[in-house]
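*Asks:* Give the three-dimensional model of this entry:
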Amino acid sequence: MTELRRRMIQDMRLAGLSEGTQGAYVEAVKHLARHFNRSPDLLSEDDVRHFFVYLAETRRLAKSTIRVHLFAIKFLFRRTLQRPWPLFDLLRVKRDQKLPVVLSRHEVRQLLGRVRHPAASMASALMYACGLRVSEAVHLRAEDIDSRRMLVAVRNGKGNKDRYVPLPQPTLQRLRDYWRRHRPKPWLLPDRSGTRPLCPETVRRCLQAAARQAGLSKPVGCHTLRHSYATHLLERGIDLRVIQGLLGHRGIRTTARYLHLTAGVLNNVQASVDQLMAGL
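*Replies:* Residues are numbered from 1 along each chain as shown. Got it, this is the predicted structure:
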């Protein structure tokens, strides 16, 4: 590991960035270094400008990918290298306003029934049944499962926030069966070594393989299960503010996008509008 990378990782830890964010930022900076074939601390402001033109116009990367590169490189130069270049005030990459992919309950059952990797299968079930992010699921420990109160303690979620989410009875039974077979510790969902949490990429690959086997036409990722959880709760009449808390969203606007995905809610709105406007 180079001294520059070590310093950046230390700075990211001091700033309280999650492990997932740290990893994404390191990869983005590595991409910058490989593009110019030299250390980023030897680059000029104009070099960085041309790199972002290359990402947008030559590589035509998704806006979300370019945003990660922007945040990572801005952190490196502003925080670690102490170079507050005006370029970073100029660069703006708007977030794509795309609706998330949501599976029906039948599609969720088809998907989860085809995940063969034991730990990845358990992680997938928890992501749907409790609305967890993949990083939250793979970092669970046995003591985070409160079977008496039927809750899962999510520790150090996004933004370093803790929260509790309801644990469905069928999922608790599945956890107990999984525990009896594998006796994992300290992590509930370990990798093959048994000493580290399961890699999120392993879960993603297992889900995509299961989606192909199930014949699902929708693009499936780890977050698809979380999106489906939120949408299905909303369709059951759970208040949007409650869902916000369960998901650990900072603002209600992030949660409100699920309003666009709920057929039941839209049908209720249509019926209410029809009644309201009757006789006009």
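*Asks:* Output the below-cut-off pLDDT ranges for this structure.
*Replies:* 95-97, 159, 260-280 (pLDDT under 70).
*Asks:* Mark out where each domain of it begins and ends.
*Replies:* The chain resolves into domains spanning 3-90, 105-268 when parsed by automatic domain parsing.
*Asks:* Identify, out of those domains, the most deeply packed stretch.
*Replies:* Most buried of these, by mean neighbour count (mean count of other C-beta atoms under 10 Å): domain 105-268, with a mean of 17. For every residue, glycine as well, the C-beta is placed using N, CA and C.
*Asks:* how far does that one sit from the chain's center?
*Replies:* Here domain 105-268 shows a centroid-to-chain-centroid distance of 11 Å under the convention C-alpha atoms, centre = their mean, to the nearest Å.
*Asks:* quick one, helices of the stretch 101-250 of the chain?
*Replies:* Secondary structure of the stretch 101-250 of the chain (DSSP state H, counting those that start in this stretch): helices at 105-112, 118-130, 134-138, 169-182, 200-214, 222-235, 240-247.
*Asks:* For this protein, give the helix that spans the most residues.
*Replies:* Secondary structure of the chain per DSSP state H: the longest helix is helix 19-36.
*Asks:* got the angle for that helix vs helix 200-214?
*Replies:* Orientation check (axes from the mean of the first three to the mean of the last three C-alpha atoms, to 10 degrees): helix 19-36 against helix 200-214 gives 90 degrees.
*Asks:* Use 10 as the first number from now on
*Replies:* All right, first residue 10 from here; so that's helix 28-45.
*Asks:* can you list contacts of the following helix or strand past helix 28-45?
*Replies:* Past helix 28-45, further along toward the C-terminus, the next helix or strand under DSSP states H and E is helix 54-62. With C-beta atoms under 8 Å, 6 or more residues apart in numbering as the test, helix 54-62 has contacts from 41, 44-45, 75, 78-79, 82, 86, 92, 94-96, 100.
*Asks:* can you rerun that using 7 Å?
*Replies:* Under the contact criterion C-beta atoms under 7 Å, 6 or more residues apart in numbering, helix 54-62 has outside partners L41, H44, F45, I82, W94, L96, L100.
*Asks:* what's the answer for stretch 137-152, then?
*Replies:* Contacts with stretch 137-152, where a contact means C-beta under 7 Å, 6+ apart, come from 29, 117, 121, 132, 135-136, 161, 163, 166-167, 174, 176-177, 180, 194-198, 206-207, 209, 212, 231, 234-235, 237-239, 255-256.
*Asks:* again, but for stretch 17-32
*Replies:* Here stretch 17-32 has contacts from Y34, V35, V38, F84, L85, R88, T89, S144, K167, N169, using C-beta under 7 Å, 6+ apart.
*Asks:* Quick check: phi and psi at the fifth one.
*Replies:* Pointing back at L85 there. When read as degrees, to the nearest 10, the backbone of L85 gives phi -60, psi -50.
*Asks:* That one and D200: what is the separation?
*Replies:* Note on L85: its distance to D200, by C-beta to C-beta, to the nearest Å, is 29 Å.
*Asks:* do the same with the second one
*Replies:* According to C-beta to C-beta, V35 stands 20 Å off from D200.
*Asks:* what sits against L256?
*Replies:* L256 touches G140, A239, T264, counting by C-beta under 7 Å, 6+ apart.
*Asks:* What sits closest to the last one if chain neighbours are left out?
*Replies:* With sequence-adjacent residues excluded and distances taken as C-beta to C-beta, 6 or more residues apart in numbering, T264 is closest to Q253, at 4.2 Å.
*Asks:* can I assume the one you found is in contact with R266?
*Replies:* No. In this structure, Q253 is not within contact of R266 by C-beta atoms under 7 Å, at 11.4 Å.
*Asks:* one step back: between the longest helix of the chain and helix 54-62, how big is the angle?
*Replies:* Here helix 28-45 runs at an angle of 110 degrees relative to helix 54-62 (the same axes, to 10 degrees).
*Asks:* what distance separates helix 28-45 from the middle of the whole chain?
*Replies:* On C-alpha atoms, centre = their mean, the centre of helix 28-45 falls 18 Å from that of its chain.
*Asks:* Put the alpha carbons of it into CSV.
*Replies:* What follows is helix 28-45 as a C-alpha-only set of coordinates in CSV (Å, rounded to 0.1, in the frame of the first residue of the first chain):
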residue,chain,number,x,y,z
GLU,A,28,-16.1,0.7,4.9
GLY,A,29,-18.1,0.4,1.8
THR,A,30,-17.6,4.1,0.9
GLN,A,31,-13.9,3.8,1.7
GLY,A,32,-13.5,0.9,-0.7
ALA,A,33,-15.4,2.7,-3.5
TYR,A,34,-13.3,5.8,-3.1
VAL,A,35,-10.1,3.9,-3.1
GLU,A,36,-11.1,2.1,-6.4
ALA,A,37,-12.1,5.4,-8.0
VAL,A,38,-8.7,7.0,-7.1
LYS,A,39,-6.9,3.8,-8.5
HIS,A,40,-8.8,4.4,-11.7
LEU,A,41,-7.5,7.9,-11.9
ALA,A,42,-3.9,6.8,-11.2
ARG,A,43,-4.1,4.0,-13.9
HIS,A,44,-5.5,6.5,-16.4
PHE,A,45,-2.4,8.7,-16.2
